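In: Turn this into a model:
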Amino acid sequence: MASVLLSTNRKSIYFYMGIVGILVPVSWYFLKFSDPNVINNLHQQTFQLNYAAFKSGIRLAHYHFLAKDDLAKKNGVTKSSTGENLIKQSIGLLHFNQHGFPIAIKRYSADQQTPLSVQDCIDIWDSVLGPLKPNLSITPTDTEYWVRLSSNNQCIIGSHTANNSQISYDAIVGKVTLATLTD
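Out: As a prediction, this is how the structure comes out:
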């Protein structure tokens, strides 16, 4: 048996192909048919990981904003070269409210405190999570994450495949929360 495992002849190639040929269908059967909760749990865990990444990203953006503001105050610089107050400026593509939390990328005014559209929520999600983020859809579907803007201008990101879980982002206080909706 050891010679079959260690040799590189045609018999050992067939041996390995046979093992893979048996393991792949058996593994697929156990993941797909044995317990549907396995797949649901994977969707839920993925959504929770995206929640944790988004929450950490918002916190990191806030800390970056605070560090930039603190550095400007230490250097005695309160106005930019255009005369704009530094606390209202952006870092990278993100624009921040007066509390230092991301509110938009494209649309920005000095008195804006929250995201004003669904596109602002999508832009914040994309900027904070980077290139490996799940795509957001404006219309809820069973295969993608969806996004909407609540009546009090909070970004709501949800997933039907993750037990109807939702992530909400309140830009006024920078709070990111995870909730599971019940029917």
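In: Return the distance of stretch 156-172 from the chain's centre.
Out: How far stretch 156-172 lies from its chain's middle: 11 Å, per CA atoms, centre = their mean, to the nearest Å.
In: when you give positions from now on, start the count at 823
Out: Understood, numbering begins at 823; the last thing we discussed is stretch 978-994.
In: In that stretch, which residues are buried?
Out: Buried residues in stretch 978-994, counting neighbours by 16 or more other CB atoms under 10 Å, are found at 978-984, 987-989, 991-993. (Glycine included, C-beta is placed from N, CA and C.)
In: how long is that stretch end to end?
Out: In stretch 978-994, first residue to last residue: 14 Å (CA to CA, to the nearest Å).
In: Which ones among the buried residues of stretch 978-994 map onto strands?
Out: 978, 979, 980, 981, 987, 988, 989, 991, 992 (DSSP state E).
In: on that earlier part again, from the buried residues of stretch 978-994, which is closest to residue 886?
Out: Nearest to residue 886 among the buried residues of stretch 978-994, counting by CB to CB, is residue 993 at 15.4 Å.
In: domain assignment for the chain?
Out: As assigned by automatic domain parsing, the chain contains the domains 823-856, 857-1002.
In: Mind putting those domains into a markdown table with mean pLDDT?
Out: Below are these laid out as a markdown table (pLDDT from 0 to 100):
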| stretch | mean pLDDT |
| --- | --- |
| domain 823-856 | 71 |
| domain 857-1002 | 81 |
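In: Put the alpha carbons of stretch 915-922 into CSV.
Out: The C-alpha trace of stretch 915-922 is given here as CSV (Å, rounded to 0.1, in the frame of the first residue of the first chain):
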residue,chain,number,x,y,z
LEU,A,915,-13.5,59.5,-1.2
LEU,A,916,-15.6,59.5,2.0
HIS,A,917,-17.2,62.7,3.3
PHE,A,918,-17.9,62.9,7.0
ASN,A,919,-20.5,64.7,9.1
GLN,A,920,-19.6,67.0,12.0
HIS,A,921,-19.4,63.9,14.4
GLY,A,922,-16.8,62.3,12.1
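In: what about the closest residue to residue 936 other than its chain neighbours, helix or strand, and which?
Out: Nearest non-adjacent residue to residue 936, counting by CB to CB, 6 or more residues apart in numbering: residue 975, 3.7 Å away. Residue 975 is part of no helix or strand, with elements assigned from DSSP states H and E.
In: Please consider this matter closed, and thank you.
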